[in-house]
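Trainee: here are the coordinates; sequence isn't available:
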């Protein structure tokens with residue numbers, strides 16, 4: 001349980017998808033204009049990560065990697081399907097994203113309209129795919145650790161986009177130099193937030 005909590009906290013602050021790996025920057029910069037829309041997209045990312053990464057963990061450990069199919073038949077113990085992991089991970093992500101898109105359209109049409117093209121683009125958000133690939137690389141001991149990492153990564157992405165959105169809303173009332181208005185001051189703000197998050201890299205988390 002302690003290791004699961006450590007993975008969760010570390011994935012939010014130390015291994016933050018935005019500030020540590022710069023994954024998902026396109027939708028992060030485009031949608032972070034107001035807090036309400038950013039919160040909606042952030043929650044969608046948390047949900048998609050929280051579902052797809054455990055599913056991909058099961059695929060990886062019980063179907064794809066060498067020896068994973070031994071439970072099915074001893075003759076399949078040497079079969080290695082890991083070359084299919086990339087395409088199958090994407091298929092799972094696309095399917096879950098489609099379900100999220102349909103749910104948001106049905107229950108919150110205003111949010112669906114605000115998010116526009118960026119909601120279906122969760123399927124190609126590299127933060128989502130990055131989570132599954134990091135899971136594969138780190139070889140978590142069980143599905144609990146994988147799920148903790150998924151939720152922590154999603155919450156980290158959510159905090160990053162909501163934080164930037166809140167700052168951008170405040171900057172609407174600031175006297176920003178004309179050449180820096182828009183994406184210029186946003187890039188500077190993101191850089192400063194990234195530097196601030198570097199402070200968490202000094203945390204000793206098991």
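Mentor: Perfect, I can see it now. Everything quoted here is computed from the prediction, not taken from an experiment.

Trainee: what sits up against the strand or helix carrying residue 190?
Mentor: Assignment of secondary structure by DSSP states H and E places residue 190 within helix 183-197. With Cβ atoms under 8 Å, 6 or more residues apart in numbering as the test, helix 183-197 has contacts from 13, 16, 18-20, 29, 32, 160, 163-164, 167-168, 171, 176, 180. For the C-beta atoms, the positions are set from N, CA and C on the backbone; glycine is no exception.

Trainee: one more time with 6 Å, if that's ok
Mentor: Contact partners of helix 183-197, identified using Cβ atoms under 6 Å, 6 or more residues apart in numbering, comprise 16, 19, 167, 176.

Trainee: so the first one makes contact with residue 156?
Mentor: Yes - under the contact definition of Cβ atoms under 6 Å, residue 16 touches residue 156, with a separation of 4.3 Å.

Trainee: Which one of those two is surrounded by more residues?
Mentor: Comparing residue 16 with residue 156 by other Cβ atoms under 10 Å, the one with more neighbours is residue 156, at 29 against 26.

Trainee: Mark which of the contacts of helix 183-197 are buried, thanks.
Mentor: 16, 19, 167 (16 or more other Cβ atoms under 10 Å).

Trainee: Would you mind putting those residues into JSON lines with distance to residue 145 and pLDDT alongside?
Mentor: Shown next, in JSON lines, are the buried ones among the contacts of helix 183-197 (distance: Cβ to Cβ, whole Å; pLDDT from 0 to 100):
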{"residue": "16", "distance to residue 145": "18", "pLDDT": "92"}
{"residue": "19", "distance to residue 145": "22", "pLDDT": "93"}
{"residue": "167", "distance to residue 145": "33", "pLDDT": "94"}
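
Trainee: In helices, which of those residues appear?
Mentor: Mapping the buried ones among the contacts of helix 183-197 onto helices (DSSP state H) picks out residue 167.

Trainee: what does the worst-scoring helix or strand of the chain on mean pLDDT rub up against?
Mentor: Least confident helix or strand of the chain, by mean pLDDT, DSSP states H and E, is helix 109-115 with a mean of 82. For helix 109-115, the external contacting residues (Cβ under 6 Å, 6+ apart) are 37, 40, 41, 104, 105.
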